[in-house]
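**Student:** Next input, structure requested:
(one chain, ligands or ions: 1)
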Amino acid sequence: MDVTLSNDPGHIVEADRAHIWHHMTQHKPYDSGVDPRIIVEGKGMKVWDIKGKEHLDAVSGGVWTVNVGYGRERIGKAIADQVTKMCFFGGTAGTIPGAHFAEMLIDKMPGLDRVYYANSGSEANEKAFKMVRQISHKHYGGKKSKILYRERDYHGTTIACLSAGGQEERNAQYGPFTPDFIAVPHCLEYRSQDGTSGEAYAAASIKAIEDVILREGADTIGSICLEPITAGGGIIVPPVGYWDGVQELCSKYNILLHIDEVVCGVGRTGTWFGYQQFGVKPDIVTMAKGVASGYAAISCCVTTNAVFDQFKDDTDKLSMFRDISTFGGCTGGPAAAIENMLIIEEEDLRGNSVRTGEHLENNLNALMEKHKWIGDVRGMGLFAGAELVADRGSKEPVDEKLVAAIVADCMNQGVIIGATNKSLPGFNNTLMFAPALIATPDDIDHVTDAVDQAITRVLG
Ligand code: PLP
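**Tutor:** Down below sits the predicted model:
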């Protein structure tokens, strides 16, 4: 072999610069002296980069994934034991960890019954869309094939998921898209489209969805796909009454409710799943990130038996769900997911999300009192956003370059936070926090102190 595989930091940086195409990255600066960032180790809420710099990670692995924190030996051991015994069997067969994790998951999701395994959030959502389309063909003669999605929500990176994506900057230049995905308006009360607030805003938002249903025709709509709390689109918590309204619309017009829990799931907001905060009863739930906290790739599309049973018909060979995912047969994912869920339970990390989440919210509210640039603070549990505005009256967003400068300043201070940077043109202005569910009040103080300093330095 002519390759050295040297662990020398300089070698790794140059190998990365020469060969890696990073996600969501403009590579031009790497041609002119900027080094790619390489993370080499993690423990608890901290990570270390290849230059030895320590960072407190307030976004759980950059993309809100490592819910139980880094360095969990028992998850590593569970994966190693399982894959040594039986690493993979795909196609139609099941596996022992697959069965065990499904039992555990369904126990946390009353009203849901079936788990379909895949590898990423996008893939789980694709499964859900395919189920809806197949139900449309099998049971409605091809009608009820349309899928509603909401402005500012994000459901993944494939073409069908982008077709269901409400974030313009993610979609630009990737069309043409899959037909029959129809947008409904967002529900960000802070930017209420008609000036109403609270329950009146919720009612107006529901009416806006109903208007779309009536315009398109209820008999053409199969499902509505929503994040419980819009994540990357700006940490948008719907107002009281919104979810009751969604549920009523789904019953009234016979529309399946598909909730995308890829971010909010597995304890992030304090309940096992975000939808459980709002008392809704979904027909389909998709999840990924926190399911195994990034220790292994796994995602799930979970359905009711009412959905599942529509695929049972041995008189019609096209009836079964004719879908497959090679790596849905990996056992490392469910083995990791089992330990991940046990840790969340044993360490009461959902309780910690609520308690420490309150601390985070209080700190951000205190920053809002201090800095006129923060127009709104919102979130739930250890999941929060602070929207930055140039002027509180007009709510004009702070320029996204300045928002990026605040994130970069925090990074220089050794604190990793996020920001909407791929949402809507002009609205990439919300700082985002989703630390591991093990975060302590001291960790949160460390993070918000860094943000305080960064805002002062960048915005004054
Ligand atoms: N759904 C939501 C709400 C997400 O935030 C994401 C990714 O960030 C996805 C789906 C897609 O997940 P993945 O990147 O694992 O495909």
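**Student:** Show me which residues of the one helix or strand residue 251 maps to are buried.
**Tutor:** Per DSSP states H and E: residue 251 is located in helix 242-252. Going by neighbour count (16 or more other Cβ atoms under 10 Å), the buried part of helix 242-252 is 242, 243, 245, 246, 247, 249, 250. Any C-beta I mention is one placed from the backbone N, CA and C, and that applies to glycine too.
**Student:** Is it possible to get TSV of the residues you listed that adds pLDDT?
**Tutor:** Listed next are those as TSV, based on pLDDT from 0 to 100:
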residue	pLDDT
242	98
243	98
245	98
246	98
247	98
249	98
250	98
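**Student:** Show me how far the helix holding residue 251 is from its chain's centre.
**Tutor:** Chain-centre distance of helix 242-252: 22 Å, with Cα atoms, centre = their mean, to the nearest Å.
**Student:** what's it packed up against?
**Tutor:** If you count contacts as 3 or more Cβ pairs under 8 Å, 6 or more residues apart in numbering; DSSP states H and E, helix 242-252 packs onto helix 198-216, strand 221-226, strand 256-260.
**Student:** Count the neighbours of residue 190 for me.
**Tutor:** By other Cβ atoms under 10 Å, the residues close to residue 190 number 16.
**Student:** got a list of what whichever residue of the chain sits closest to the ligand touches?
**Tutor:** Closest contact between the chain and the ligand, by Cβ to the nearest ligand atom, is at residue 121 (2.3 Å). Residues near residue 121 by Cβ atoms under 8 Å, 6 or more residues apart in numbering: 155, 156, 260, 262, 286, 287, 288, 289, 299.
**Student:** For the fourth one, which non-adjacent residue is closest in space?
**Tutor:** Nearest in space to residue 262, with sequence neighbours left out and distances taken as Cβ to Cβ, 6 or more residues apart in numbering, is residue 121 at 3.6 Å.
**Student:** Check the fifth one too.
**Tutor:** Nearest-residue entry for residue 286: residue 124, 3.9 Å, with adjacent residues in sequence omitted and distances by Cβ to Cβ, 6+ apart.
**Student:** element containing the one you found?
**Tutor:** Judged by DSSP H and E, residue 124 forms part of helix 121-140.
**Student:** Of all the residues in that helix, which ones are buried?
**Tutor:** 121-129, 131-136.
**Student:** same check, this time on stretch 355-374
**Tutor:** 356, 357, 359, 360, 361, 363, 364, 367, 368, 371, 373, 374.
**Student:** any idea how the protein splits into domains?
**Tutor:** Taking the TED database as the reference, the chain has its domains at 37-66+349-459, 74-347.
**Student:** got a list of what residue 251 touches?
**Tutor:** So residue 251 contacts nothing (Cβ under 8 Å, 6+ apart).
**Student:** on that earlier part again, and the helix holding residue 251 with strand 221-226, angle?
**Tutor:** Relative orientation of helix 242-252 versus strand 221-226 (axes from the mean of the first three to the mean of the last three Cα atoms, to 10 degrees): 170 degrees.
**Student:** Give me the pLDDT for residue 287.
**Tutor:** Listed pLDDT for residue 287 reads 98.
**Student:** Surely it touches residue 300?
**Tutor:** Yes: Residue 287 lies in contact with residue 300 (Cβ atoms under 8 Å); the separation is 5.3 Å.
**Student:** Pull up the overlap in contacts between these two.
**Tutor:** Contacts common to residue 287 and residue 300, judged by Cβ under 8 Å, 6+ apart, are residue 124.
**Student:** Restricted to strands, list the contacts of residue 121.
**Tutor:** Cross-referencing the contacts of residue 121 against strands under DSSP state E gives 260, 286, 287, 299.
**Student:** tell me the mean pLDDT for the helix or strand encompassing residue 13?
**Tutor:** Residue 13 is part of helix 9-19, with elements assigned from DSSP H and E. What helix 9-19 shows for mean pLDDT is 95.
**Student:** go on, stretch 383-398?
**Tutor:** 97.
**Student:** Counting residues, name the longest helix you see in the protein.
**Tutor:** helix 349-370 (DSSP state H).
**Student:** Which other helices and strands does that helix contact?
**Tutor:** strand 374-379, strand 384-391, helix 441-459.
**Student:** what does that helix contact?
**Tutor:** Contacts of helix 349-370 (Cβ under 8 Å, 6+ apart): 67-68, 267-272, 343-344, 374-377, 379-384, 386, 433, 435, 437-441, 443-445, 447-448, 451-452, 455.
**Student:** If any of those residues are buried, give me the ChimeraX selection for them.
**Tutor:** Buried residues within the contacts of helix 349-370, by 16+ other Cβ under 10 Å, are selected in ChimeraX with:
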select :67,68,267,268,269,270,271,272,343,344,374,375,376,377,379,380,381,382,383,384,386,433,435,437,438,439,443,444,447,448,451,455
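**Student:** Skip the chain neighbours and tell me the closest residue to residue 406.
**Tutor:** Per Cβ to Cβ, 6+ apart, closest to residue 406 is residue 454, 4.6 Å.
**Student:** quick check: angle from the helix holding residue 251 to helix 198-216?
**Tutor:** Using the same axes, to 10 degrees: helix 242-252 against helix 198-216 is 30 degrees.
**Student:** What angle do strand 256-260 and helix 242-252 make with each other?
**Tutor:** Using the same axes, to 10 degrees: helix 242-252 against strand 256-260 is 140 degrees.
**Student:** Report how many residues lie close to the residue lying closest to residue 231 once chain neighbours are set aside.
**Tutor:** In this structure, residue 231 finds its nearest non-sequential neighbour in residue 263, 3.9 Å apart by Cβ to Cβ, 6+ apart. Look at residue 263: counted by other Cβ under 10 Å, it has 28 neighbours.
**Student:** Who are the contact partners of residue 263?
**Tutor:** Counting by Cβ under 8 Å, 6+ apart, residue 263 has contacts 64, 227, 229, 231, 232, 289, 290, 383, 434.
**Student:** Correct me if wrong: residue 223 contacts residue 256.
**Tutor:** Yes: under the criterion of Cβ under 8 Å, residue 223 makes contact with residue 256 at 3.9 Å.
**Student:** Touching both of the two, which residues are there?
**Tutor:** 132, 283, 284.
**Student:** show me the contacts for the last one.
**Tutor:** Residues in contact with residue 284, defined by Cβ under 8 Å, 6+ apart, are 128, 131-132, 223, 256-259, 301-304, 307.
**Student:** repeat that for 10 Å
**Tutor:** Residue 284 is in contact with 112, 114, 116, 124-125, 127-129, 131-132, 223, 225, 256-260, 301-304, 307, counting by Cβ atoms under 10 Å, 6 or more residues apart in numbering.
**Student:** and the residues you listed near the ligand, which?
**Tutor:** Applying Cβ under 6 Å from any ligand atom, the subset of those adjacent to the ligand comprises 125, 260.
**Student:** Which secondary structure element of the protein has the lowest mean pLDDT?
**Tutor:** helix 168-171 (a mean of 92; mean pLDDT, DSSP states H and E).
**Student:** where does this protein have low pLDDT?
**Tutor:** Within the chain, no range satisfies pLDDT under 70.
**Student:** one more time with 90, if that's ok
**Tutor:** 1-5, 7, 33, 90-91, 193-195, 421-427 (pLDDT under 90).
**Student:** how about the residues of it near the ligand?
**Tutor:** Residues of the chain lying near the ligand (Cβ under 6 Å from any ligand atom): 63, 120-122, 125, 154-157, 227, 231-232, 260, 262-263, 288.
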